[in-house]
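Colleague: Have a look at this prediction, sequence included:
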Amino acid sequence: MLGNMAQTIINFTDTAFLGHLGVIALGASMLAGLFYFVFTTVAAGFAIGIQIIVARRFGEKNYGRIGVIFEHGSLFVLLLGLILFSILYFFSDQLLLWLIDSQNIYEASIDYIKYRQFGIAFVCFNFLYRALYVGISNTKVITYSTAIMAVVNIALDYCLIFGKCGFPQMGIGGAALASLCAEVSAFAFFTLYSYITLRNREFGMFKINGLESELMGRILKISTPTMVQKLFSFSVWFIFFVLIEKMGETATGISSVTRSIYMILITPCFAFSTTTNTLVSRIIGEGRLNQIFPTINKVLKNCMLCTIPIVIFVAIFPMQIAGIYTDDLDFARLVIPSILVICGGTIFQGIGNGYFEAVSGTGNTSAALYLESAVLVVYILFIFAMTHLTTRVELVWTAEILYGALLGILCFLYMKFARWDKKRI
């Protein structure tokens with residue numbers, strides 16, 4: 001859960017600080033940040049594939065193969081990071097100009113992405129390290145990296161956005177530079193910690209092995225559907241905000257604050273769904289198939305126990321929470337209806353993502369891709385209709401409730417009736 005807080009903390013601190021600069025800075029940081037993470041989701045999807053395989057080998061007690069799997073993953077991630085950086089470096093200006101209507105938001109977005117793009121290779125490796133440590137159940141390491149990222153980002157946000165402590169006042173560019181430094185610091189910690197603690201263990205880390213084409217083929221067979229699924233899913237999420245941006249700068253600012261709060265609310269959901277993924281894969285590796293559904297149900301119960309109290313707190317004090325992001329009371333009031341909608345959406349997301357990651361944990365990542373793709377088609381059609389039929393931003397946000405409900409129903413039916421137990425990875 002704390003590991004998943006890494007990007008949430010960066011988003012929260014950026015939004016909280018930039019909210020005091022106005023709706024332009026809010027909207028630009030949201031759209032440019034989402035644009036940036038559309039590219040990183042490819043690495044996130046690949047890392048999920050690595051996580052599934054590492055957890056399966058861990059369950060089989062085949063520890064010596066984990067280092068070999070990580071080495072192959074590192075080679076792929078290095079190449080992927082260079083490709084993604086090249087795309088961002090050469091094409092960001094044109095792509096953002098095509099997507100964003102507001103000239104003010106476009107110019108601020110360019111100022112943001114010109115710094116943030118240099119962190120994409122580090123983000124790719126951070127995803128890979130998190131996959132490794134989740135797969136071997138050493139998640140406290142991710143907690144440490146998150147703490148480092150949070151401290152670096154908060155301190156540099158304060159210094160660089162507002163020009164404090166002798167630093168230049170950079171505004172939105174300062175938020176991007178602070179995030180870049182936070183990502184680099186997490187990568188440095190992961191690498192140093194892994195070298196010290198894992199080099200001499202049975203996992204075979206940091207040893208030079210020959211490239212195994214058969215292993216790389218199996219990794220890509222598992223990872224490619226999750227890469228496509230994550231890219232498709234996050235691209236649709238990005239389109240969600242692009243369509244809202246066309247509703248006006250105020251609507252974009254409202255959604256920026258709503259998104260920041262939403263990412264905090266669903267952090268436990270993502271954490272427990274990742275846990276479901278890993279546990280399902282490990283239990284299959286141990287041959288205890290009869291424990292799959294009891295385990296999923298236990299994870300979902302714990303997810304709700306963590307999520308519901310936070311949701312209730314936010315629903316009771318929406319004005320106070322919106323006030324963290326802005327000094328404008330009228331703007332804060334405009335955000336409240338959307339906050340209440342995402343409180344409901346969070347519950348549905350927790351259940352839907354839990355069953356979805358269970359499907360991925362079986363190793364049948366292609367089925368997960370098909371199931372979510374069907375839901376995303378309905379999701380984007382709903383968003384398109386709502387952004388053209390209403391000017392009320394909170395009604396557009398009800399798409400999150402629809403998405404979570406449909407995903408949960410389809411994935412539950414798959415786990416209940418499909419022959420996923422025959423999948424071998």
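Modeller: Happy to help now that I have it.
Colleague: just checking, next helix/strand downstream of the one helix or strand F39 maps to?
Modeller: Under the assignment given by DSSP states H and E, the secondary-structure element containing F39 is helix 23-59. Once helix 23-59 ends, the next helix or strand along the chain (criterion: DSSP H and E) is helix 64-99.
Colleague: What residues of that next one count as buried?
Modeller: Burial within helix 64-99, assessed by neighbour count using 16 or more other Cβ atoms under 10 Å, is assigned to 65-74, 76-77, 80-81, 84-85, 88, 92, 96, 99. Quick note: C-beta positions are derived from backbone N, CA and C, even for glycine.
Colleague: Which elements pack onto that helix?
Modeller: helix 23-59, helix 103-116, helix 120-135, helix 213-245 (3 or more Cβ pairs under 8 Å, 6 or more residues apart in numbering; DSSP states H and E).
Colleague: Pipe those helices into TSV and attach mean neighbour count per row.
Modeller: Rendered in TSV, the data for the helices and strands packed on helix 64-99 read as follows (neighbours: other Cβ atoms under 10 Å):
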stretch	mean neighbour count
helix 23-59	25
helix 103-116	21
helix 120-135	25
helix 213-245	19
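Colleague: Is it possible to get TSV of those helices that adds distance to C303 and mean pLDDT?
Modeller: Rendered in TSV, the data for those read as follows (distance: least, Cβ to Cβ, whole Å; pLDDT from 0 to 100):
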stretch	distance to C303	mean pLDDT
helix 23-59	18	86
helix 103-116	31	92
helix 120-135	16	92
helix 213-245	19	87
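Colleague: export the ones you listed to JSON lines and tack on distance to M319?
Modeller: Below are those laid out as JSON lines (distance: least, Cβ to Cβ, whole Å):
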{"stretch": "helix 23-59", "distance to M319": "18"}
{"stretch": "helix 103-116", "distance to M319": "26"}
{"stretch": "helix 120-135", "distance to M319": "34"}
{"stretch": "helix 213-245", "distance to M319": "22"}
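Colleague: can you tell which of those helices is closest to D330?
Modeller: Between D330 and those, the tightest spacing by Cβ to Cβ is seen for helix 23-59, at 11.7 Å.
Colleague: the inter-axis angle of that closest one versus helix 120-135?
Modeller: In terms of direction (axes from the mean of the first three to the mean of the last three Cα atoms, to 10 degrees), helix 23-59 departs from helix 120-135 by 40 degrees.
Colleague: got the angle for helix 23-59 vs helix 103-116?
Modeller: Angular relation of helix 23-59 and helix 103-116 on a 0 to 180 degree scale: 40 degrees, by the same axes, to 10 degrees.
Colleague: which one in this structure is furthest away from the centre?
Modeller: Note on the chain: the largest separation between a C-alpha and the mean C-alpha position, by Cα atoms, centre = their mean, falls on G166 (33.4 Å).
Colleague: how near is that residue to D157?
Modeller: From G166 over to D157 the distance is 15 Å, taken as Cβ to Cβ, to the nearest Å.
Colleague: can you pull the contacts of the residue lying closest to A322 once chain neighbours are set aside?
Modeller: Distances taken as Cβ to Cβ, 6 or more residues apart in numbering put A332 closest to A322, at 4.0 Å, once the chain neighbours are dropped. Applying Cβ atoms under 8 Å, 6 or more residues apart in numbering, one finds that A332 lies in contact with M319, A322, G323, Y325, T326.
Colleague: Let me see the mean pLDDT of whichever strand or helix holds M319.
Modeller: Under the criterion DSSP H and E, the helix or strand holding M319 is helix 318-322. Taken as a whole, helix 318-322 has an average pLDDT of 92.
Colleague: angle of whichever helix or strand comes after that helix against helix 23-59?
Modeller: Following the chain from helix 318-322 toward its C-terminal end, the next helix or strand by DSSP H and E is helix 329-361. If you take the same axes, to 10 degrees, helix 329-361 sits at 20 degrees to helix 23-59.
Colleague: how far out from the middle of the chain is helix 329-361?
Modeller: Taking Cα atoms, centre = their mean, to the nearest Å, the mean C-alpha location of helix 329-361 is offset from the chain mean by 14 Å.
Colleague: need the next SSE after that helix, C-terminal direction.
Modeller: Secondary structure here is assigned by DSSP H and E; on that basis, the next helix or strand after helix 329-361 toward the C-terminus is helix 365-389.
Colleague: Can you point out the buried residues in that following helix?
Modeller: Buried residues in helix 365-389, counted by 16+ other Cβ under 10 Å: 365-369, 371-372, 375-376, 379-380, 383, 386-387.
Colleague: before we move on, what about stretch 302-312?
Modeller: Counting neighbours by 16+ other Cβ under 10 Å, one finds that the buried residues in stretch 302-312 are C303, M304, C306, T307, I310, V311.
Colleague: now those residues in CSV, with distance to N209 and pLDDT?
Modeller: Listed next are the buried residues of stretch 302-312 as CSV, based on distance: Cβ to Cβ, whole Å; pLDDT from 0 to 100:
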residue, distance to N209, pLDDT
C303, 38, 92
M304, 43, 94
C306, 40, 91
T307, 42, 93
I310, 44, 93
V311, 47, 95
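Colleague: Can you report how many residues lie near D14?
Modeller: When neighbours are defined as other Cβ atoms under 10 Å, D14 has 28 of them.
Colleague: wait, it sits on A28?
Modeller: No: distance between D14 and A28: 10.7 Å, which falls outside the contact criterion (Cβ atoms under 8 Å).
Colleague: What are the neighbouring residues in contact with the residue nearest to F46 when sequence neighbours are not counted?
Modeller: Distances taken as Cβ to Cβ, 6+ apart place S223 nearest to F46, at 4.6 Å, with adjacent residues excluded. For S223, the contacting residues are G45, F46, I48, G49, I50, T365, by Cβ under 8 Å, 6+ apart.
Colleague: Right, I'll leave it there.
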